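[1] Kindly generate the corresponding structure for this input.
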Amino acid sequence: MIDMTAMLVLKRSGLYARPRSASAVLPLVYGLMSGGNGGLWECPCLDTENFIYGLAGHALPSETEGNVPVLYGRDGAVLDPAGYVFSPGLDLEGQGVIASVTFVEDQSSREPLTVRSRGRSEAGSVLENPADVAADFLTGPAGLDESFLDGTSLSRLRRWAENAGIRLSGLVDRERPAGAVLTEMLYPWAGWWLDREGRLRLLAEGGQGSWPEDGIGAFFRAGPGDDGYLESDLDDVVNLAAADYMFNHRLGVFEGWDGGEAVCDRASRNIYGERRRVFALKWVRESSVVRAVQENIAARFGRPGGVFSLTCPDLRRIRLEKGDLAALSVDWLCDEGGKPLANELVRVLEAEFDLAGGKSFFRFMLPGQALFLTRAWTADGSRPADGGSRAGSDRDRTNY
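    Numbering: from 1, shown residues only. Have a look, this model is predicted:
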């Protein structure tokens, strides 16, 4: 079983023989790290005699790959690149490869030095797709074996993020549990959990197609006489998602802000009033990505969702567990078209089994955004255009 609570270990200046400060951290850097003002993180002196400073605790893309780090002195002025040599991958004192710069002269009077640079890369391309960043982080710095990652969910997340326009840029500059770092990376549009085999699975939250129909673990139907009930709270409605972004790790503040008005769910605001929430996006630096995240939030939370609880008089679904997907039909709830809710995609929040009594109890997350099992009809005239069905992606109402 993967231990996602284990503390991540970062390289520190104390690994080297002549550091300025033994406790200084060499961070993990991902994405383009663009935007903001001045240097975005500190680069500590690792060798006071040879004037070597660490940029990251791993290799960075080279200048020939388009990465030209910019260094700043204590006064915020850009340092002359003629005064130092950038080494994208240096095994300093046999302590493993890092990115560094070596100055011609002593820079102690200009410290602390800060930097902005592109992050980790693969085959010359900066890692910024969330699936690629997560996989690299987990199997590299976090030390997880690749076999513990669910490749199918990773591939789905990669495609979904690419289509949605979501990219990551950020730092890991303090020692925290690997699970906490992964949660921060994916917040608030995706999640992760460990399945019954101890494999880590990832799931995008939102948008038809983000929850894979072929991943449905079971089908449920609740009629008027069944022991099922819905808990819903208007406090969970968000129709205007403001966002802090472009975090400056040197200053400890966000340098970007978007009020969210451009992608507000106006229909929801007309019905429920303005329900605004501010999201701190520490792994987002581009305005286009902010908008993509805001659209995701407004689509998911613009309408009331809820938690649906259901007691089943059998144990047929005993292999279902937290995090699994299911399809739920409820005869006394209506869908967006005013018809009984059929084959709505839900995520299992809780699963309990009474082996002695032969019963099972489930709690499902019912999103405000309609996500459902689909059935495609060809627009070839074979079905009447009477509003009873929709070409392309109609809701599948089959009783499975």
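[2] show me what contacts Gly35?
    With contact taken as Cβ atoms under 8 Å, 6 or more residues apart in numbering, Gly35 is in contact with 246, 255-256, 285-286. C-beta here means a position set from N, CA and C on the backbone, and glycine is covered the same way.
[3] Tell me the one of the residues you listed nearest Ala218?
    Distance ranking of the contacts of Gly35 against Ala218, using Cβ to Cβ, places Glu286 first at 39.3 Å.
[4] Just give me the neighbour total for the closest one.
    20 (other Cβ atoms under 10 Å).
[5] still on that earlier bit, farthest-apart pair in the contacts of Gly35, please.
    That would be Glu255 and Glu286, which, of the contacts of Gly35, are the farthest apart (Cβ to Cβ) at 12.7 Å.
[6] So what does the nearest residue to Val126 once chain neighbours are set aside look like in phi/psi?
    Spatial nearest neighbour of Val126, chain neighbours left out: Arg118 (5.2 Å); criterion: Cβ to Cβ, 6 or more residues apart in numbering. For Arg118, the backbone dihedrals are phi -70, psi 160 (criterion: degrees, to the nearest 10).
[7] Narrow the contacts of Gly35 to those in helices?
    Under the assignment DSSP state H, the contacts of Gly35 contribute nothing to helices.
[8] so Asp214, which of the three states?
    When the structure is split into helix, strand and coil by DSSP: H, G, I helix; E, B strand; the rest coil, Asp214 lands in helix.
[9] Distance of it relative to Thr398?
    Using Cβ to Cβ, to the nearest Å, one gets 15 Å for the distance from Asp214 to Thr398.
[10] If you count surrounding residues, which of the two has more?
    Taking Asp214 and Thr398 together and counting by other Cβ under 10 Å, Thr398 has the greater number of neighbours (11 against 7).
[11] who touches that one in this structure?
    With Cβ under 8 Å, 6+ apart as the criterion, the residues that contact Thr398 are 343, 375.
[12] So in the chain, which strand runs the longest?
    Taking residue count as the measure and DSSP state E as the definition, the longest strand of the chain comes out as strand 340-354.
[13] Point out the other helices and strands that the helix or strand just after that one packs with.
    Scanning the chain past strand 340-354 towards its C-terminal end, the next helix or strand to appear is strand 359-366 (assignment: DSSP states H and E). The elements that strand 359-366 packs onto, with contact taken as 3 or more Cβ pairs under 8 Å, 6 or more residues apart in numbering; DSSP states H and E, are strand 306-312, strand 325-334, strand 340-354.
[14] from memory the residue nearest to Val126 sits against Gly66, does it?
    Yes: the pair Arg118 and Gly66 passes the contact test of Cβ atoms under 8 Å, sitting 7.3 Å apart.
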